[in-house]
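Student: Below: sequence and its predicted model.
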Amino acid sequence: ADSLTEEQVSEFKEAFSLFCSIAYFVDSICDLQEKFRSAIYEYGRVISTTQKLLKACQILDIPVFATTQLRAKLGETCSELGLDSPEGIKTHAHVDKSAFSMFVPEIHDAFKKLGGEKREVIIVGIESHICVTQTTLDLLREGHKVYIIADAVSSCNKEEVPIALARLRAEGAVVTTSESWLYECMGDASLPEFKQIAGLVKEYNSKTKEGLQALCRI
C-alpha cells in the first residue's frame, strides 16, 4: 500500500486529537426531578439548557449519566428530558440515590466501564450548593476535570448559586456556559458534526439568551 503523505498524516492526527478530546467527555445530570418544578429558581431555564446539551450529546456520542434523589418522594426525572424513553437518549446509568453526591458506587462503576482513567465531566442540575457541589468535589478528588454549566444549574434560593460556583471554581472546577462548552468540546469547525451543533445553537439561540440572563446574572 502507498504510504501516507505528510499532509494526510497531519490531517489524521488532527482528526484523532479532536475525536479523543470528545471521547473523554461525560454528561452528568443531577436530580432534575418533577417535584422540584415549583421550588427551584428558574427551573424551566435549567431544563431547557439541559435539553440542548442532551441533543448535543446525541450528535457527538457523549455518554450521559443521571441521578434522582429519593425518587419515591421527589419523583422521576423530568419527562421532557426523555431519558431512557423509546425516542430519547439512552443513559449509561440512571441511578436513584440518598447520598447528595451523584458519584455513588453505581455511577463510579459505570464510569470505569467506559474505559480510560480520567474523564472530562460536565455537570448540570440541582441544587448548586448541595448535590452539584458534592458531586463536583468527589469528581475532582478522583482526578477528573469538571465543567459546571452555569446556565444549567440552580438552587431553591438563587443567592446560593454564585457562592457555590465561586467555591467550586476555587477548588479547580471550570465554570462555563453551555454554548462556550459546546464549541470548546468540538475545538474545530472541520469536525463532521459541526454543522449539526451550529444548527442546534441557532435553534436554541433565544432560549440560551433568556437562560443566561436569568441564571448568569445572579
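Tutor: Great, that's in hand.
Student: now the strands for the chain?
Tutor: Taking DSSP state E as the test, the strands found in the chain are 25-30, 64-69, 93-97, 120-126, 145-154, 174-176.
Student: what would those look like in TSV with mean neighbour count?
Tutor: Glycine gets a C-beta too; all of them are placed from N, C-alpha and C. Formatted as TSV, the entries for the strands of the chain read as follows, by neighbours: other C-beta atoms under 10 Å:
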stretch	mean neighbour count
strand 25-30	24
strand 64-69	24
strand 93-97	18
strand 120-126	25
strand 145-154	26
strand 174-176	17
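Student: Looking at those strands, spot the one closest to Lys202.
Tutor: strand 145-154 (16.6 Å; C-beta to C-beta).
Student: any idea of the angle that closest one forms with strand 120-126?
Tutor: 20 degrees (axes from the mean of the first three to the mean of the last three C-alpha atoms, to 10 degrees).
Student: Which neighbouring elements make contact with strand 145-154?
Tutor: With contacts defined as 3 or more C-beta pairs under 8 Å, 6 or more residues apart in numbering; DSSP states H and E, strand 145-154 has these neighbours: helix 43-60, strand 120-126, helix 133-141, helix 160-171, strand 174-176, helix 178-186, helix 205-215.
Student: and the shortest one, which strands flank it?
Tutor: Looking back up the chat, that one is strand 174-176. Strand pairing for strand 174-176, determined by DSSP bridges: strand 145-154 (parallel).
Student: Kindly provide the distance from Leu74 to Leu32.
Tutor: Using C-beta to C-beta, to the nearest Å, Leu74 is found at 11 Å from Leu32.
Student: give me the beta-bridge partners of the residue lying closest to Ile62 once chain neighbours are set aside?
Tutor: What sits nearest to Ile62 in space, not counting adjacent residues and going by C-beta to C-beta, 6 or more residues apart in numbering, is Phe25, at 4.9 Å. Applying DSSP bridges to Phe25 gives these bridge partners: Glu120.
Student: Can you give me every residue that contacts Phe25?
Tutor: 60, 62-63, 119-122, 185 (C-beta atoms under 8 Å, 6 or more residues apart in numbering).
Student: Go again with 10 Å.
Tutor: Residues counted as contacts of Phe25 (C-beta atoms under 10 Å, 6 or more residues apart in numbering) are 57, 60-63, 119-122, 145, 147, 181, 185.
Student: Tabulate those (CSV), appending distance to Ala170.
Tutor: Below are those laid out as CSV (distance: C-beta to C-beta, whole Å):
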residue, distance to Ala170
Cys57, 28
Leu60, 29
Asp61, 33
Ile62, 27
Pro63, 28
Arg119, 21
Glu120, 19
Val121, 18
Ile122, 19
Lys145, 15
Tyr147, 15
Trp181, 20
Cys185, 24
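Student: ok, which pair from the residues you listed is furthest apart?
Tutor: Asp61 and Lys145 (18.9 Å).
Student: In CSV, list the strands of the chain along with mean pLDDT and distance to Asp109.
Tutor: Formatted as CSV, the strands of the chain follow (pLDDT from 0 to 100; distance: least, C-beta to C-beta, whole Å):
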stretch, mean pLDDT, distance to Asp109
strand 25-30, 90, 14
strand 64-69, 96, 11
strand 93-97, 96, 8
strand 120-126, 95, 15
strand 145-154, 97, 19
strand 174-176, 97, 25
